[in-house]
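Peer 1: sequence and predicted structure, then a few things I'm wondering about:
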Amino acid sequence: MSSIEEIRKVRLEKLEALRKNGIDPYPIDSNQEFTLEEVFNNFSKLSKRKKSISVVGRVMSLRPQGGLVFLHLNDGTISFQVLIKKDDPPAGGGEEAFKLFNDTVDIGDFLEIKGTLFVTKRKEKTLLAKKWRMLSKSLRPLPEKWHGLQDVEERFRKRYLDALMNKEVRDRFILRSRIIAELRNILDDAGYLEFETPVLQPLYGGASALPFKTHHKTLDLDMYLRISDELYLKRLLIAGFPKVYEISKDFRNEGIDATHNPEFTMLEYYESYSDAEKQMIFLEKTLKTLIKKVLGKIKINFASNVIDFGKKFAVISYFDLLRRHAIIPNPETISKEELIIVAHKFGVLFGSQDSFDKILDNVFKKVCRPKIIQPTFIIDYPATYLPLAKRKPENEMLVSAFQMVAGGMELVKAFSELNDPIDQRSRFMHQEKTKEEGEQEAQVLDEDFLEAMEYGMPPSGGVGIGIDRLIMLLTDTHNIKEVIFFPVMRPKS
């Protein structure tokens, strides 16, 4: 029997002991009069009360000292010290009640404590227990306080323990929640409406990616988990809603690495009568506001670099970056055969059926993007690479679009959204052709979306922000699994 199983067996015996003493170890009710943080912040006022106060929390430490037991409770706000005395018996049961406490309470249990406040000789604010009650008996031991979960894979699988025992992890996810809330506030204040679009879709679209496929039995219909919510949000523009957004879970059947997880969070927002250039201005303002609000500063540290969001974001073209870093003098006209030689030179991986655009982008991702540390807008992408973006009037081989990169990571992709249904059909047909040639991630032709466009879609600008990568950047974290509470993991067995 493992040591954990031995501990579990002992705790099950303690559970039975509580029941034999007429105590329900999992009562339906609890009485939390104040949070522990409220007790700490209002200690002087509450300590003057003549009647006891009632608090709840998980036991995080136990220190028996003869006729005394010191423990720390944590209710999710802060930890607070509690003292149980043998000669000031809990529950009014004398030595028997004190013994029951010692015999049945473990680190990890949830308790309700009723008592009065005082300050110890060591000047620590403390609650002297008059009554205690078991709220939930734990059957497995928590990881050791000073060591926690050492196995990285185990940390991700048991994130609930990781966050419970590691303040840095807990604080990171609290900050994640604040960042998402503040993004909502910014968009709401700017007049955007939040909508919900389908997760299960009869046809996937809005990005170049492999979908997850499932089947609906009643309809006898193959369906897909969305890879993007773009095409549905654009239908809302057609429906007459001028500013729309969604913070959504998207799913792509792709590899797992430091910046990719098959399930991830995106913010997409679209504005009628806008374009990529206007959205560039709004996005820069949004990020500056967000970072200052949630971090209280405009410069952040990431991977030993200081990234300054206070300065004007740089702007550079996609082809100029390939010229500068991949040493391709003619990225606009290079042949696929020549590009393959460049890819081999830099150790860039690609499939035998991959399209020219995909190989070129793989070169960009491997060679150019890691060198972009300060916030930078990358513009002027090939029209064949972004089939949902509007062509530039001065050069129809390029599209009006941008990516925003910082810390070597792509954080944002944005377009002047294509609203010409004839051009859109032509672009979809080109994607279909590359799919037939073996490009698995090519986009599919969506007749329902094209029909919607033919009713008229206003000129618009759309932006997609990778929430998980943004959290990585703002928390100086270098693995996407560290910012997703429940990342995709291979089963342990």
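Peer 2: Right, received. Where do you want to start?

Peer 1: ok, now how distant is the nearest residue to K366 once chain neighbours are set aside from E410?
Peer 2: If the residues on either side of it in the chain are set aside, K366 comes closest to V348, at 4.8 Å by CB to CB, 6 or more residues apart in numbering. Bear in mind the C-beta positions are built from the backbone N, C-alpha and C, glycine included. Using CB to CB, to the nearest Å, V348 is found at 16 Å from E410.

Peer 1: who are the packing partners of the lowest-mean-pLDDT helix or strand in the chain?
Peer 2: Lowest by mean pLDDT, DSSP states H and E among the helices and strands of the chain is helix 94-104, with a mean of 87. Applying 3 or more CB pairs under 8 Å, 6 or more residues apart in numbering; DSSP states H and E, we find helix 94-104 packed against helix 3-20.

Peer 1: show residues contacting the helix or strand just after the helix it packs on.
Peer 2: Where DSSP states H and E defines the elements, the next helix or strand beyond helix 3-20 is helix 36-41. Contact partners of helix 36-41, identified using CB atoms under 8 Å, 6 or more residues apart in numbering, comprise 46, 53, 55, 57, 73-75, 77-80, 117, 125, 127.

Peer 1: what residues sit buried inside helix 36-41?
Peer 2: L36, E38, V39 (16 or more other CB atoms under 10 Å).

Peer 1: what of stretch 260-267?
Peer 2: N261, P262, F264, T265, M266, L267.

Peer 1: thought I465 was touching the last one, still the case?
Peer 2: To tie it back to what came earlier, the one meant is L267. Yes. Counting by CB atoms under 8 Å, L267 does reach I465; the two are 4.4 Å apart.

Peer 1: low-confidence stretches in this protein?
Peer 2: 1, 88-94, 145-149 (pLDDT under 70).

Peer 1: mind checking the longest helix of the protein?
Peer 2: helix 167-189 (DSSP state H).

Peer 1: what residues does S248 make contact with?
Peer 2: E196, T197, V199, R226, D229, T265, M266, L267, E268.

Peer 1: and it, helix, strand or coil?
Peer 2: strand (DSSP: H, G, I helix; E, B strand; the rest coil).

Peer 1: one step back: which of the contacts of helix 36-41 fall in helices?
Peer 2: Short answer: the contacts of helix 36-41 in helices (DSSP H) are L46.

Peer 1: just flag the most distant two among the contacts of helix 36-41.
Peer 2: Taking CB to CB as the measure, the contacts of helix 36-41 span a maximum distance of 18.4 Å, between L46 and N74.

Peer 1: break this protein down into its structural domains.
Peer 2: 3-136, 160-313+374-482 (automatic domain parsing).

Peer 1: secondary structure and distance to A343 added to the contacts of S248, as JSON lines?
Peer 2: Conversion of the contacts of S248 to JSON lines gives the following (DSSP: H, G, I helix; E, B strand; the rest coil; distance: CB to CB, whole Å):
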{"residue": "E196", "secondary structure": "coil", "distance to A343": "41"}
{"residue": "T197", "secondary structure": "coil", "distance to A343": "36"}
{"residue": "V199", "secondary structure": "coil", "distance to A343": "35"}
{"residue": "R226", "secondary structure": "coil", "distance to A343": "31"}
{"residue": "D229", "secondary structure": "coil", "distance to A343": "32"}
{"residue": "T265", "secondary structure": "strand", "distance to A343": "31"}
{"residue": "M266", "secondary structure": "strand", "distance to A343": "28"}
{"residue": "L267", "secondary structure": "strand", "distance to A343": "32"}
{"residue": "E268", "secondary structure": "strand", "distance to A343": "31"}
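
Peer 1: out of the contacts of helix 36-41, which end up buried?
Peer 2: By 16+ other CB under 10 Å, the contacts of helix 36-41 give 46, 53, 55, 57, 73-75, 78-80, 117, 125, 127 as buried.

Peer 1: measure V294 to L183 for me?
Peer 2: For V294, the distance to L183 equals 10 Å [CB to CB].

Peer 1: more neighbours, the two?
Peer 2: L183 (22 against 17; other CB atoms under 10 Å).

Peer 1: the more buried one is in contact with L287, isn't it?
Peer 2: No. With contacts counted by CB under 8 Å, L183 stays clear of L287, the gap being 9.7 Å.

Peer 1: sorry, back to before: who are the contact partners of the residue nearest to K366?
Peer 2: With CB under 8 Å, 6+ apart, V348 has these contacts: V342, I359, N362, V363, K366, V367.

Peer 1: how many neighbours does E254 have?
Peer 2: E254 has 14 nearby residues by other CB under 10 Å.

Peer 1: now do the SS call for it.
Peer 2: Relying on three-state DSSP, one would call E254 coil.

Peer 1: any chance of the backbone angles for it?
Peer 2: phi -130, psi 180 (degrees, to the nearest 10).

Peer 1: now do the same contact list for it.
Peer 2: A209, L210, H260, P262.

Peer 1: of all those, which two lie farthest apart?
Peer 2: L210 and H260 (12.2 Å).

Peer 1: beyond the host helix or strand of L411, next helix or strand please.
Peer 2: Here L411 sits within strand 409-417, counting by DSSP H and E. Counting by DSSP H and E, the next helix or strand C-terminal to strand 409-417 is helix 421-436.

Peer 1: what about the helices in the stretch 301-450 of the chain?
Peer 2: 318-325, 336-345, 356-363, 421-436, 447-454 (DSSP state H, counting those that start in this stretch).

Peer 1: the first one vs helix 356-363, what angle?
Peer 2: Computed with axes from the mean of the first three to the mean of the last three CA atoms, to 10 degrees, the direction of helix 318-325 lies at 50 degrees from that of helix 356-363.

Peer 1: so helix 318-325 versus helix 336-345, what angle?
Peer 2: Going by the same axes, to 10 degrees, helix 318-325 makes 50 degrees with helix 336-345.

Peer 1: who are the packing partners of helix 318-325?
Peer 2: Helices and strands touching helix 318-325, by 3+ CB pairs under 8 Å, 6+ apart, are strand 376-382.

Peer 1: run the angle between the strand it packs on and helix 356-363 for me.
Peer 2: Using the same axes, to 10 degrees: strand 376-382 against helix 356-363 is 160 degrees.

Peer 1: show me what strand 376-382 packs onto, helices and strands only.
Peer 2: Judged by 3+ CB pairs under 8 Å, 6+ apart, strand 376-382 is in contact with strand 314-317, helix 318-325, strand 395-406.

Peer 1: can I take it that I465 is in a strand?
Peer 2: Yes. Per three-state DSSP, I465 lies within a strand segment.

Peer 1: just give me the neighbour total for it.
Peer 2: 22.

Peer 1: kindly state the beta-bridge partners for it.
Peer 2: L267, V412 (DSSP bridges).

Peer 1: now do it against D103, distance only.
Peer 2: 54 Å.

Peer 1: buried sites along stretch 436-447?
Peer 2: Buried residues in stretch 436-447 (16+ other CB under 10 Å): E439, E441, A442, Q443, L445, D446.

Peer 1: farthest pair within those residues?
Peer 2: E439 and D446 (17.1 Å).

Peer 1: thank you kindly, that will do.
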